[in-house]
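**Q** got a predicted structure here, sequence first:
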Amino acid sequence: MARVLSTILLVLFVAKVAIVTEARQRSRKLDDTSCRPTDYHFDFTECDASGGRWRVAIPSIECEGTSPPIHPKRLNDCYKSCRAGQFLNLTSLECEDCEKGTYSLGGGLRFEEWDPLPAGFKKQVEKFHSIFSAIGRQYASDDCSKWGWRSRGDVLLSQGGPCVATLIYSAQLVKEGSLKFTYQYSDDSMLFQFQANSDQCERLREAEGSRWPPLTGEGVWKTEVIPLRTGLNIFQWKTMGMDSHRPKPVLIKKIEIEGVGYTSSCNPCPAGTYSEKPASNSCTQCPKNTFSDRQSTVCDPCSTESDYAEAGSSECSPRPACSVADYYQVHTPCQQNQTQVVYKWVEPKICLESHPDSVKLPLNGPLKECPPCNPGTEYKDGNCQPCQKNQYSDGALPCSVCPANTVPDTGHFLTQWYSWPESIHTTCISPESNGCNQAPAWRLNGTSVVSGTGHADWVYLVMTLIVNGFRGRGGIVNGELLEVGRLSFSFEMKCAHDCELIFMQGTRSKNATIIQRWTGSQPRQEFFHPVVRNDTYTYSWAFQKLTWDSTSSDGSYRDDMNESPTWTKGPTDDENFVKFYTINVTNTIDGGAKSCVPCREGLVYSAANGESSCVSCSPGQYRATKPKESKPLDNKTFSGNPSISQCEPCPKGTVTVDPFATNSSACRSCGSGLISTNGLTCTTDCLVNLMGRTYDLRPLKGFHMVRGNSLFTASGTQYYHVFNISFCTDENAQCYKNVSLQHGYEDQNMKVDALVCQSTVFPPTVSASMESETYGAPGFGAFASKPLSTHASSLGDHLIGISHNPSINGISIEESINKQMSHPQQFHFFYSTPEITVACPQGRSTTITFRCRMPGNTWAGSNVNVEDGNTQSEITTPDKCPDGTCDGCNFHFIWETQYGCHLCTESELKVVRGECKDGMQEIHYLPSEFSQCLLKYNASWPTAQECKNHLPFAVEIAVQVAVGLTVLLSVMLICFWRRHRKLEYKYMKLVASGSSGSSNQRNHEDSIGCERGMLPVAESCALDPEDGDDDDDDNYGRSSQIDPQLAGQIKEVSFYSDGALKSLVSKFSILNKIKTFTRKGEVGSNLEIMNLTDKEALS
């Protein structure tokens, strides 16, 4: 036991020694590392009940287990913060100024460097398809991973596409503060939305006023300020592509958040900026040809002889060797038919002329004859100017007056590019403050115009042509597209990567829309664009060498679309350019005339100056001409073939749009079911006649709205599409874009006028009861309680026709509508918008199918109910296309109404005549039992007539019933009378047979007669010649007893009527008296009785 005990004690001692040794070694280690205050970071405990908290030092991993050199300290203010330019010293818990080369927002955050994306920011994308990016559109199958917010140096950008791109950041505010973000938003084909939520996912009312930031314009930056409350705030910036083309990106340059509490250190100034004073709240950008490193107090200059630097550069770049892209040529104004080619360096000049590989600036060219002007212009004051009215020129010769019987054929004919035409304007547009330099955006090159050099690759080089109007009205008549003019241009494009050329068209009432786009290299080609509506147009061509998502701020090129892209040096100007050779616009009211065209058979003279001009009739008329003899006028005579001109209206149902139409053949017939009363437009009076049936749609006159189904993005944003229809009215329907109205920005481009138009609506986010509240912005409640609409567009400018046929001029109803044969009476209105867009190269169209629905029928669920007095209408969309369209270009609606039933014809009516009053009776008409027609009185139908000689209907029925009963009773009486006659005859025969027996028998008979009392013996027989019973005389004469059958008949007579029996008894009494009177001869002589009876009957 002693040995075991000693062993245990030894083990314990050794263990203790080991523990002590380990502790000493650890202590030595800590002493060797010498944990310094920088090995600890400070943090605060949660606020306690007294409104204070403790600052504690938390060691790093290496210093765990050591005593901190700084003891905990109490801070009596839970939300202590410093002003801008200061930071909170966590050691002394006092605010101190920032040093030079640094800055601080005090209790705020600032983000202005986006590459890489700052910590705390998150990005996400979700699919979103608007009505114009529906099934089958350009980006319908795109992967959303290719879209979203992207870092590009000093900005964040998003191009929308078919997805919703969201940028998210969360901030915990310890006091009331604000959020500021600086952005650029220039393309309304994409939606830009800002949203702020609390930690309970409730929208902050203070942020609703900035929910839809307004458009800024190209190259313009705007800042939104949103007041914030304490607590957790979640911010979201969203972009949503509303069209199928690639829109211009939304840019975010800077985000600032105030109220987040203290900042324990100052932020160093980024490279390319500096801060020369302490306590700065921002840094200043270095000027051009200077640079700076991170946390600089000054900017260092570059060596101007060999280096250069753009503003805000972090380093100087060596000047490259000069090339032909660094200079351009211009022609001096033409003086005395002499001009000279002059070469100039692109400004600012970057290239180094002393570089051994540099090209020299060419010497100015010699004086030479001025090149020709563009057709329709001539040299004036050294520049090409349009010819005056009634003049023309081919560009090489001065302008001349048009010959007699001719007029100028004006237009814009741009074929020579030695000087800029008055109608052309050029500019460079950059989303950033840099990118565009002082060099021309486009360079004149004699026979062509070329995109400018020296600009950043991401900028837009824009060339614009303004046309003030055209001759004629244009439009669509009977499905035929009538042009008022045509624009054409020839060009070629060379691209090293993904450069892009965009052709756009804008009017006074509509922003520029993209007509066509080209990407990559293009061979020389010619493009034609018809103009079908007379208006003032702005045509623009925008060229971009590299798209935003493929370039960086230093001009390097993005090789892929991954999150970690590879950047290479971008292409040079001679590798990316577009060149235009000709631009022509015909039949305009401005510009110049390159030739004169003959008058179309009509010439009148002005009595004031004797000048001639072609007659121009008003729209809807044509010029009828008759030969006229030449007569002197103001000592002048006609030349050519003079004639008398007179404007005549087009025949009814036709229109003309040519002011120089010369005969009725120029009057175009209107489409199916349409009329024209003024010769100007084809329309309908809504009294439609189709296939012998008439439909009266006039009660539906007015404006009608169809609301599409509610749609939601993945994050819960609700939206729907609204369609406005102008039906049978002289005014167009209007669709608005009011996203920017909250900021007081409104112009004529905010609405679209058309017969059928559409807009996308986002419902209000607050109730009307909040209108009186103000959260940071006056009028916020009134704005936020209203729905917001965007992307207004026309779906039908012209009514093409009305028909039972499912198709007119290439416009067809939806297939499922045509297959529903249970509606045989359906007919269709066809509308068209001929304007061409990238999404709809054939334009847009709309069909409205009318169906007969009699009142009282069951009405299914609908998109809209239209109440019209006591009538009911229903407008729906096809089940296959719940938003009215399946392809984004062709729209379909079904209108079920009682007015879709044809008017009743006379053959379908039932006539009811009223009661006769004062010699007149009313006539009423009702549809027949199975007719599906709408009753409407015709003026030709009589409503009253003179009474005819007949009783009222009820009396007629009573009389007929009475007559019938009378006839029935008469027949019954006749039958009874005949039956009684037969019975009397048989009885008389029985009596006669009884009186011709023996006396005993007679005595016995008399006793029987006495016993019977009232039955005397008959003296004669009454014979009925109609009775066929003579064969029974012998039987009755020989019978000595009463026939049982006769007794039964007597009883039967007594049973039928007591009156009849009494009548018979009275007759027997008369016969008895005759018998007594005739008993003068021998008793019992039957012959005597017969003779007496015959004589009596004959007397």
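**A** In hand now; what should we look at?

**Q** what bridges to F413?
**A** Applying DSSP bridges to F413 gives these bridge partners: N584.

**Q** in stretch 168-179, what's buried?
**A** Residues I168, Y169, A171, L173, V174, G177, S178, L179 are the ones in stretch 168-179 that count as buried (16 or more other CB atoms under 10 Å). C-beta coordinates here come from the backbone N, C-alpha and C atoms, glycine included.

**Q** again, but for stretch 336-355
**A** Buried residues in stretch 336-355 (16+ other CB under 10 Å): T339, Q340, V341, W345, V346, K349, I350, C351, L352.

**Q** nearest to Q295 among those?
**A** I350 (28.4 Å; CB to CB).

**Q** excluding chain neighbours, what is closest to that closest one?
**A** Spatial nearest neighbour of I350, chain neighbours left out: Y308 (5.3 Å); criterion: CB to CB, 6 or more residues apart in numbering.

**Q** was I right about the one you found contacting C316?
**A** Yes: because the distance of 6.8 Å satisfies CB atoms under 8 Å, Y308 is recorded as touching C316.

**Q** joint contacts of the two?
**A** N289, C302 (CB atoms under 8 Å, 6 or more residues apart in numbering).

**Q** measure the most centrally placed residue in the chain to S186 for me?
**A** For the chain, the residue nearest the mean C-alpha position is Q758 (2.1 Å; CA atoms, centre = their mean). Distance of Q758 to S186, computed by CB to CB, to the nearest Å: 23 Å.

**Q** circling back: burial count for the residue nearest to I350?
**A** By the measure other CB atoms under 10 Å, the count of residues near Y308 is 20.

**Q** what residues sit buried inside stretch 754-764?
**A** A754, L755, V756, C757, Q758, S759, T760, V761, F762.

**Q** stretch 473-492 now?
**A** Here stretch 473-492 shows 473-479, 482-487, 489-491 as buried, counting by 16+ other CB under 10 Å.

**Q** out of the residues you listed, who's nearest P408?
**A** Of the buried residues of stretch 473-492, the one sitting nearest to P408 (CB to CB) turns out to be G485, at 14.7 Å.

**Q** pLDDT value on that closest one, please?
**A** In this model, G485 is scored at 89, pLDDT.

**Q** surely it meets F470?
**A** Yes: at 4.4 Å, G485 counts as touching F470 under the criterion of CB under 8 Å.

**Q** what do these two both touch?
**A** V531, N587, T588.

**Q** in CSV, list those residues along with neighbour count.
**A** Below are those laid out as CSV (neighbours: other CB atoms under 10 Å):
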residue, neighbour count
V531, 24
N587, 19
T588, 23
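
**Q** from those residues, which land in strands?
**A** Among these, the subset assigned to strands under DSSP state E consists of V531.

**Q** which one of the shared contacts of G485 and F470 sits closest to V324?
**A** Nearest member of the shared contacts of G485 and F470 to V324, counting by CB to CB, is T588, at 36.6 Å.

**Q** any idea how far L461 lies from D498?
**A** From L461 over to D498 (counting by CB to CB), the distance is 16 Å.

**Q** more crowded one of these two?
**A** Counted by other CB under 10 Å, L461 and D498 do not tie: L461 has more neighbours, with 25 against 16.

**Q** okay, that one: pLDDT?
**A** Listed pLDDT for L461 reads 92.

**Q** can you check E378 too?
**A** 91.

**Q** so who does it touch?
**A** Counting by CB under 8 Å, 6+ apart, the residues that E378 touches are C384, Q385, C387, S393, G395, L397, P398, C399.

**Q** just the buried residues from the residues you listed, in PyMOL please.
**A** Restricted to buried positions by 16+ other CB under 10 Å, the PyMOL selection for the contacts of E378 reads:
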select buried, resi 384+385+387+393+395+399
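
**Q** state the distance from the nearest residue in space to T263 that is not next to it in sequence to W442.
**A** Using CB to CB, 6+ apart and skipping the chain neighbours, the partner closest in space to T263 is F87 (5.2 Å). From F87 across to W442, the span is 51 Å (CB to CB).

**Q** quick one, strands of the stretch 451-600 of the chain?
**A** 460-467, 475-477, 480-482, 485-494, 500-507, 510-519, 522-531, 537-544, 556-558, 567-569, 577-586, 592-598 (DSSP state E, counting those that start in this stretch).

**Q** surely P763 meets Q718?
**A** Yes: between P763 and Q718 there is a contact under CB under 8 Å: 5.8 Å.

**Q** run a quick neighbour tally on P356.
**A** Applying other CB under 10 Å, I find that P356 has 6 neighbouring residues.

**Q** hang on, the earlier thing: between the strands of the stretch 451-600 of the chain, which one is nearest to K701?
**A** Of these, nearest to K701 by CB to CB is strand 475-477, at 22.5 Å.

**Q** got any ranges where the stretch 651-800 of the chain has weak pLDDT?
**A** Applying pLDDT under 70 to the stretch 651-800 of the chain picks out residues 657-665, 713-716, 739-749, 765-786.

**Q** kindly recompute the last result at 90.
**A** For the stretch 651-800 of the chain, the stretches with pLDDT under 90 are 651-686, 689-694, 707-721, 728-732, 734-754, 758-794, 796-800.

**Q** ranges for the strands of it?
**A** Under DSSP E, counting those that start in this stretch, the stretch 651-800 of the chain gives strands at 654-655, 668-669, 687-690, 693-696, 702-707, 711-712, 718-727, 733-736, 751-754, 756-762, 788-796, 798-803.

**Q** kindly reformat those strands as JSON lines containing distance to C916.
**A** What follows is the strands of the stretch 651-800 of the chain, written out as JSON lines (distance: least, CB to CB, whole Å):
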{"stretch": "strand 654-655", "distance to C916": "52"}
{"stretch": "strand 668-669", "distance to C916": "52"}
{"stretch": "strand 687-690", "distance to C916": "36"}
{"stretch": "strand 693-696", "distance to C916": "33"}
{"stretch": "strand 702-707", "distance to C916": "43"}
{"stretch": "strand 711-712", "distance to C916": "65"}
{"stretch": "strand 718-727", "distance to C916": "45"}
{"stretch": "strand 733-736", "distance to C916": "53"}
{"stretch": "strand 751-754", "distance to C916": "57"}
{"stretch": "strand 756-762", "distance to C916": "54"}
{"stretch": "strand 788-796", "distance to C916": "55"}
{"stretch": "strand 798-803", "distance to C916": "45"}
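
**Q** out of the ones you listed, flag the one nearest R294.
**A** strand 788-796 (42.4 Å).

**Q** contact partners of the closest one?
**A** 130, 132, 188-189, 191, 211-212, 242-243, 722-723, 735-739, 750-762, 764, 831-833, 835, 844-846, 891.

**Q** which among those residues end up buried?
**A** Looks like the contacts of strand 788-796 have 130, 132, 188-189, 191, 211-212, 242-243, 722-723, 735-739, 750-762, 831-833, 835, 844-846, 891 buried, using 16+ other CB under 10 Å.

**Q** for the longest helix along the chain, packing partners?
**A** Longest helix in the chain by number of residues, with DSSP state H as the criterion: helix 953-995. Here helix 953-995 touches helix 999-1012, helix 1033-1038, helix 1044-1056, helix 1058-1077, helix 1086-1098, going by 3 or more CB pairs under 8 Å, 6 or more residues apart in numbering; DSSP states H and E.
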